[in-house]
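> Take a look and give me a structure for this.
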Amino acid sequence: MIVAGLLLLPTQAVLAQQKQCIEAEARVKGDSLEACATGATRLLDERLLGTCVQAPEWKALVAGRLAECTRRVMNERLDVRLLALKKADRKQFSAEMKLQKLYNQSIQEQCALYEACGGPSGARLASECRDRFQRYRAGQAVPINEDELTLGDELPQTDAPPLRQQFAEALCALPKKVWAKGKVPDNCVPRALAELEQAVGPFQPEPCPRFECAAGRRIRLDLKPWEEQPDAPPPDEPSPEAAESTRVRRLLQKLGEEPGDKACLADMVPSVSLGEAALVRPDTTDRLIRVDFSCDGFPTSLLVALHPLGEGEWCKLGSLGAEGRGFGGCAASNPLAYESVHLTDGDRETLQVTSRQSHSALREDGNRECWESAHTAFYDVRGSELVPVFGSNGEARIIPEGPYPRALIAPGEDLKDTVYRFRDGEYVPAPRTSP
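Here you go, the predicted structure:
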């Protein structure tokens, strides 16, 4: 990355930290739940491995290794009884294998839903879910092996899904010998469900954060015609150019962005282009509609961000506009450029928008000199709205090191390169070290 003539590369210390993370023993080892937890904690220790342990991808990897470890412990503890039953009582062995199959299906039923959240955070949440389930069952296996199984006295607070219900019924069907004092507890099934609920949480059919579109932001729009070549103009249109202007004007009307001056779309043939980004969630594709047209002789760009709601409905996250005015005979530049970047979050994307204007001045030799000025801004989605988190009169660059939210470099008030860090929802200048 180049800023003001300086080539910014990862420091040797950062490279060493990344190398330590990559070379760290990824498999969390242990023959107990405590050893599994200790191994995972070591892989998240910044003092041992540096700041790269804060990366969402690394946290997801460690959570996965921890889930693998607690699964091994669970299976080893269950095998103490199952292997003995396999030799001594095939019928009971089959019944308890079915019991564990129901439990494994319950794990998958809940935890796979987190994976649908997408990105490293979805993978981490799914692994943490499996860890909770496996930790509970591993703890339950110990009193089962010792014929001292008990249940708490509380009753469930929510309705259990069928798989949990079937597991609780199969658990309560274990031989009396397994239970403390040789007796199956009263109200066994509801108490078993309550204990499981306390350990792993109530069943959540939609664990991913739900998107709620604010009032007045819903629109109905078919983008398919804009992904294809336009049809021939209707006979009442005088020219293809006029037909396209009418078509674009109708699009802007639906987006709630029609220019007040009708002459704006008549100066030049407008153009529409579509882009994609993951501004709200990593598992959904938001659409970016860019419309370029001329207004009062100046090129103008409009960018509208939409989040899909399904069945042809969209939530309008926001719109941004820029006008490329040219002064003193200098050619007006492309007024707006954008890209989606990972800035504040390793999963969701942030919209980086750069707008430009042309300027001119007379030199001492009488010739005119042209130059451009740029303004860079970054926009995040908060709730259902696109909001600015940083703006700078100049080029801004993301520092490609460290955890999210990433830091920025941009001109400060004194026009010197300044580092900005994310604090309380926006970027503020980081304290400078004394020379």
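> Phi and psi next, for Ser294.
The phi/psi pair for Ser294 (degrees, to the nearest 10) reads phi -120, psi 140.
> Burial check on it, number of neighbours?
By the criterion of other CB atoms under 10 Å, Ser294 has 19 neighbours. Bear in mind the C-beta positions are built from the backbone N, C-alpha and C, glycine included.
> you'd agree it is up against Ser301?
No: under the criterion of CB atoms under 8 Å, Ser294 is not in contact with Ser301, lying 10.6 Å apart.
> okay, now the domains of the protein?
By the assignment in automatic domain parsing, the chain contains the domains 17-200, 219-228+240-429.
> and those domains, which one's lowest on average pLDDT?
Mean pLDDT is lowest for domain 219-228+240-429 among these, at a mean of 84.
> Check the separation of the first and last residues in it.
The stretch domain 219-228+240-429 measures 38 Å between its terminal residues, going by CA to CA, to the nearest Å.
> what does stretch 177-192 give?
Note: stretch 177-192 ends 17 Å apart using CA to CA.
> Stretch 202-218 too?
Using CA to CA, the end-to-end distance of stretch 202-218 comes to 32 Å.
> That stretch: how far from the chain's middle?
14 Å (CA atoms, centre = their mean, to the nearest Å).
> before we move on, what about stretch 198-218?
Distance of stretch 198-218 from its chain centroid, counting by CA atoms, centre = their mean, is 14 Å.
> Next, the distance between the ends of it.
End-to-end distance (CA to CA), stretch 198-218: 39 Å.
> Then stretch 400-416?
One end of stretch 400-416 sits 20 Å from the other (CA to CA).
> returning to what we had before: can you tell me which of the domains of the chain is nearest to Phe211?
When these are compared by CB to CB, domain 219-228+240-429 sits nearest Phe211, at 5.8 Å.
> rewinding a little: could I get the domains of the chain in TSV, plus columns for distance to Pro207?
Listed next are the domains of the chain as TSV, based on distance: least, CB to CB, whole Å:
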stretch	distance to Pro207
domain 17-200	5
domain 219-228+240-429	13
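> And these: which comes nearest Glu206?
With respect to Glu206, and counting by CB to CB, the nearest of the domains of the chain is domain 17-200 at 7.4 Å.
> Nearest residue to the middle of the protein?
Asp347 (3.2 Å; CA atoms, centre = their mean).
> so it sits right up against Lys59, yeah?
No: under the criterion of CB under 8 Å, Asp347 makes no contact with Lys59, lying 11.4 Å away.
> Overlap of the contact sets of the two?
Counting by CB atoms under 8 Å, 6 or more residues apart in numbering, the shared contacts of Asp347 and Lys59 are Pro120.
> thinking again about what came up before, ok now do the residue nearest to the centre of the chain, which residues does it touch?
For Asp347, the contacting residues are 56, 118-122, 278, 281-282, by CB under 8 Å, 6+ apart.
> Roughly how far does Arg164 sit from Gln110?
9 Å (CB to CB, to the nearest Å).
> Now do the shared contacts for the two.
Shared contacts of Arg164 and Gln110, defined by CB under 8 Å, 6+ apart, comprise Phe203.
> Can you point out the buried residues in the longest helix seen in the chain?
Ranked by residue count, the top helix of the chain under DSSP state H comes out as helix 56-88. Residues of helix 56-88 classed as buried by neighbour count (16 or more other CB atoms under 10 Å): 56, 58-74, 77-78, 81-82, 85.
> Next up, the contacts around the residue nearest to Gly391 when sequence neighbours are not counted.
Nearest residue to Gly391 in three dimensions, chain neighbours excluded: Ala377, at 4.2 Å (CB to CB, 6 or more residues apart in numbering). For Ala377, the contacting residues are 352-355, 388, 390-392, by CB under 8 Å, 6+ apart.
> okay if I get those as CSV plus neighbour count?
Shown next, in CSV, are those (neighbours: other CB atoms under 10 Å):
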residue, neighbour count
Gln352, 18
Val353, 19
Thr354, 18
Ser355, 21
Pro388, 15
Phe390, 21
Gly391, 15
Ser392, 19
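> follow-up on the earlier one: buried residues of whichever helix or strand comes after the longest helix of the chain, list them for me.
Helices and strands here follow DSSP states H and E; after helix 56-88, the next one along the chain is helix 90-115. Burial within helix 90-115, assessed by neighbour count using 16+ other CB under 10 Å, is assigned to 93, 96, 99-100, 102-104, 106-107, 110-111, 113-115.
> Likewise for stretch 395-404?
396-399, 401-403.
> Distance check, the residue lying farthest from the centre of the chain against Trp371.
Centroid-distance maximum for the chain: Asp365 at 55.5 Å, with CA atoms, centre = their mean. Distance of Asp365 to Trp371, given as CB to CB: 16 Å.
> Ok, Pro205 next?
For Pro205, the distance to Trp371 equals 58 Å [CB to CB].
> Gly391 against Thr376, yeah?
Yes: Gly391 is in contact with Thr376 according to CB under 8 Å; the separation is 7.2 Å.
> how about stretch 28-37 as PDB, C-alpha atoms only?
This file holds the C-alpha atoms of stretch 28-37, laid out as PDB (Å, rounded to 0.1, in the frame of the first residue of the first chain):
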ATOM      1  CA  VAL A  28      -6.500 -28.900  20.700                       C
ATOM      2  CA  LYS A  29      -5.400 -32.000  22.500                       C
ATOM      3  CA  GLY A  30      -6.700 -33.400  25.800                       C
ATOM      4  CA  ASP A  31      -8.300 -36.300  27.500                       C
ATOM      5  CA  SER A  32     -10.600 -34.100  29.600                       C
ATOM      6  CA  LEU A  33     -12.900 -31.200  29.100                       C
ATOM      7  CA  GLU A  34     -10.500 -29.100  31.200                       C
ATOM      8  CA  ALA A  35      -7.600 -30.000  29.000                       C
ATOM      9  CA  CYS A  36      -9.600 -29.100  25.900                       C
ATOM     10  CA  ALA A  37     -10.400 -25.700  27.300                       C
END
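> residues in contact with that stretch?
Taking CB under 8 Å, 6+ apart as the rule, stretch 28-37 contacts 38-40, 43, 62, 65-66, 68-70, 73, 76, 135, 138-139.
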